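Visitor: Model the following, please.
(2 chains)
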2 protein chains.
Amino acid sequence: MATYATLNELFSHRVESPTIRRLLLAGVDAFWRDGFHASSTRDIAKRAQRSPAAVYVHFKAKEDLLFDIIRYLAEYLLDRLRESAAEGGDPTEMLSRLVHAYVALPARTYKASLVANREFWSLTAAQQKQVVKIRDELEEIVGNCLAAGKASGEFDFKDLSITRMAVVSLCRSTLLWYSPRGRLTPEQLGDEYVHLVLGMVRAKAIDDVAEEPVRARAAG
Amino acid sequence: MATYATLNELFSHRVESPTIRRLLLAGVDAFWRDGFHASSTRDIAKRAQRSPAAVYVHFKAKEDLLFDIIRYLAEYLLDRLRESAAEGGDPTEMLSRLVHAYVALPARTYKASLVANREFWSLTAAQQKQVVKIRDELEEIVGNCLAAGKASGEFDFKDLSITRMAVVSLCRSTLLWYSPRGRLTPEQLGDEYVHLVLGMVRAKAIDDVAEEPVRARAAG
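Guide: You can find the predicted model right below:
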């Protein structure tokens, strides 16, 4: 699975222009530090060691820069979840991989993901709609896996759509409190959440599945 | 348990002045519709059918109005959770009541709670700190209950602090997707989440506990 350790690597696979990448990274720093509304195009240009005019060449408005940050992160996560789903295995294995990715990947690009969460409402309505479309696809992948597990008898839960929203929003909510300076790495956090979610859906044979870290299994 | 059906009732128990209550309600509407940054003091005054000067008499800055909205909601939830914890019973019963309140109460004051969540970062640093202090107390109540359940052998989870954060952020995250126009009432949503969280902590005798709605038990 292609995972990137840094935001720069992630952007490298989406954007060819080094200037645009620099501006995106500077935008993340500025929005993270001062918030979207308090950050000026000039701040961003300065952080990127470019002129304000250079920003306007690539981004008509500050919102467009924010949108690209949020969109690239969401698309990256979607690509990884699609790959996870395509790897097959039983629903318990698949759900473990999905939850692990959904928790660990945003934690790895913590600063940018937090900006994306915090500043979602600063996007234009049309931009929000596009991001919601990607999120819907993420939810659908998780929902399909849950439905498969219920059908096979591996999972036991009452309501598919509530459980899907609970799993997805639980994974997403780690950003509300996760700190890269805390005692857990993104991967360890992912393992903990896999265990919690398997309990939530009352997965059978929980202990056999959850003891072994996801990455170890994936590598084996 | 004293619960309020409407935001107006909730504010009535915190604020004596009808003008201030009107301004708080108008603030919720304005921030909900246009966001904190795009809402002017004039908009809020107009919605409350007061003059802009009337706003400044009571709130030095727009942030102060937002802060009171967020603070009253958080304090209200804290009071209810304290009451729930004081009702006693075994940890499974207590956790059920806590989760139910943590999900149902914000859903009942949906609009204001969503504003509180969205606009938290618009508060001043000192205000954020005060809100975080209340949230820490909420987390502590949940954490104590989880620890009691682990000690009694009713719950089975790996890491107390991770599980506490997961339970709390799961409850809080309902606002990210809950709609009062959806098919579930706040109480039904609470019941669903009780069931999910009891699974998460692998509560013993789950089926006996989760079949019966929390409110019915509390009333009995």
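
Visitor: buried sites along the longest helix along chain A?
Guide: Taking DSSP state H as the criterion, chain A has its longest helix at helix A:125-152. Neighbour counts using 16 or more other Cβ atoms under 10 Å in any protein chain shown place A:127, A:131, A:134-135, A:138-139, A:141-143, A:145-146, A:148-150 of helix A:125-152 among the buried residues. Yep, even glycine has a C-beta here, placed from its N, CA and C like the rest.

Visitor: And for stretch A:56-63?
Guide: A:His58, A:Phe59, A:Lys62, A:Glu63.

Visitor: Hmm, the last one is touching A:Thr124, no?
Guide: Yes - applying Cβ atoms under 8 Å as the test, A:Glu63 and A:Thr124 come out as touching, 5.7 Å apart.

Visitor: Enumerate the residues of chain A near chain B.
Guide: When proximity is defined as Cβ under 8 Å from any Cβ of the partner chain, chain A approaches chain B at A:35, A:37, A:118, A:121-122, A:157-159, A:162-163, A:165-166, A:169-170, A:172-174, A:176-177, A:184, A:189, A:192-193, A:195-197, A:199-202, A:206.

Visitor: who does the longest helix of chain A touch, helix- and strand-wise?
Guide: helix A:62-86, helix A:91-108, helix A:160-173 (3 or more Cβ pairs under 8 Å, 6 or more residues apart in numbering or on different chains; DSSP states H and E).

Visitor: Which single one of the buried residues of helix A:125-152 is nearest to B:Leu10?
Guide: For B:Leu10, the nearest member of the buried residues of helix A:125-152 is A:Arg135. The distance, counting by Cβ to Cβ, is 30.9 Å.

Visitor: Might you report the residue contacts of that closest one?
Guide: When contacts are counted by Cβ atoms under 8 Å, 6 or more residues apart in numbering or on different chains, A:Arg135 is found next to A:Ala74.

Visitor: again, 10 Å this time
Guide: Each residue near A:Arg135 by Cβ atoms under 10 Å, 6 or more residues apart in numbering or on different chains is listed here: A:Ala74, A:Leu77, A:Leu78, A:Phe120, A:Val168, A:Arg172, B:Leu176, B:Trp177.

Visitor: And it, how far from A:Glu75?
Guide: With distances taken as Cβ to Cβ, to the nearest Å, A:Arg135 is found 11 Å from A:Glu75.

Visitor: picking up where we left off before, so what's the model's average confidence on the longest helix of chain A?
Guide: In this model, helix A:125-152 has an average pLDDT of 97.

Visitor: got the angle for it vs helix A:62-86?
Guide: Relative orientation of helix A:125-152 versus helix A:62-86 (axes from the mean of the first three to the mean of the last three Cα atoms, to 10 degrees): 10 degrees.

Visitor: ok so, going back, okay, the contacts of A:Arg135 in a markdown table with distance to A:Leu10 next?
Guide: Listed next are the contacts of A:Arg135 as a markdown table, based on distance: Cβ to Cβ, whole Å:
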| residue | distance to A:Leu10 |
| --- | --- |
| A:Ala74 | 11 |
| A:Leu77 | 10 |
| A:Leu78 | 13 |
| A:Phe120 | 18 |
| A:Val168 | 21 |
| A:Arg172 | 18 |
| B:Leu176 | 24 |
| B:Trp177 | 26 |
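
Visitor: which of these are buried?
Guide: By neighbour count, with 16+ other Cβ under 10 Å, the contacts of A:Arg135 hold A:Ala74, A:Leu77, A:Phe120, A:Val168, A:Arg172, B:Leu176, B:Trp177 as buried.

Visitor: Do you know the pLDDT at the last one?
Guide: Model confidence at B:Trp177, expressed as pLDDT, equals 84.

Visitor: Please give me every residue in contact with it.
Guide: With Cβ under 10 Å, 6+ apart as the criterion, the residues that contact B:Trp177 are A:Arg135, A:Glu139, A:Ser161, A:Ile162, A:Arg164, A:Met165, A:Ala166, A:Val168, A:Ser169, A:Arg172.

Visitor: So the closest residue to the second one other than its chain neighbours versus B:Trp177, what's the distance?
Guide: By that I understand A:Glu139. When the adjacent residues along the chain are set aside, A:Glu139 lies closest to A:Val168, with 5.2 Å between them (Cβ to Cβ, 6 or more residues apart in numbering or on different chains). As defined by Cβ to Cβ, A:Val168 lies at a distance of 8 Å from B:Trp177.

Visitor: which residues do those two both contact?
Guide: Common neighbours of A:Val168 and B:Trp177, counting by Cβ under 10 Å, 6+ apart, are A:Arg135, A:Glu139.

Visitor: From chain B, how far out is the closest residue in space to A:Ala148 that isn't next to it in sequence?
Guide: Beyond its immediate neighbours in the sequence, the residue positioned closest to A:Ala148 (Cβ to Cβ, 6+ apart) is A:Pro91, lying 4.5 Å away. Spatial separation of A:Pro91 from chain B under the definition Cβ to the nearest Cβ, to the nearest Å is 16 Å.

Visitor: Tell me if I'm right that A:Pro91 and A:Asp156 touch.
Guide: No - the pair A:Pro91 and A:Asp156 does not pass the contact test of Cβ atoms under 10 Å, sitting 11.9 Å apart.

Visitor: the more surrounded of the two?
Guide: Each of A:Pro91 and A:Asp156 had its neighbours counted (other Cβ atoms under 10 Å in any protein chain shown), and the higher figure belongs to A:Pro91 (22 against 14).

Visitor: Could you pull up the contacting residues of the more buried one?
Guide: A:Pro91 makes contact with A:98, A:144-155, A:201, A:203, according to Cβ under 10 Å, 6+ apart.

Visitor: so who does the most centrally placed residue in chain A touch?
Guide: The residue at the geometric middle of chain A, judged as the C-alpha nearest the mean C-alpha position with Cα atoms, centre = their mean, is A:Pro106 (4.1 Å). With contacts taken as Cβ under 10 Å, 6+ apart, A:Pro106 has the following neighbours: A:73-74, A:76-77, A:112-114, A:116-117, A:171-172, A:174-175, A:178, A:186.
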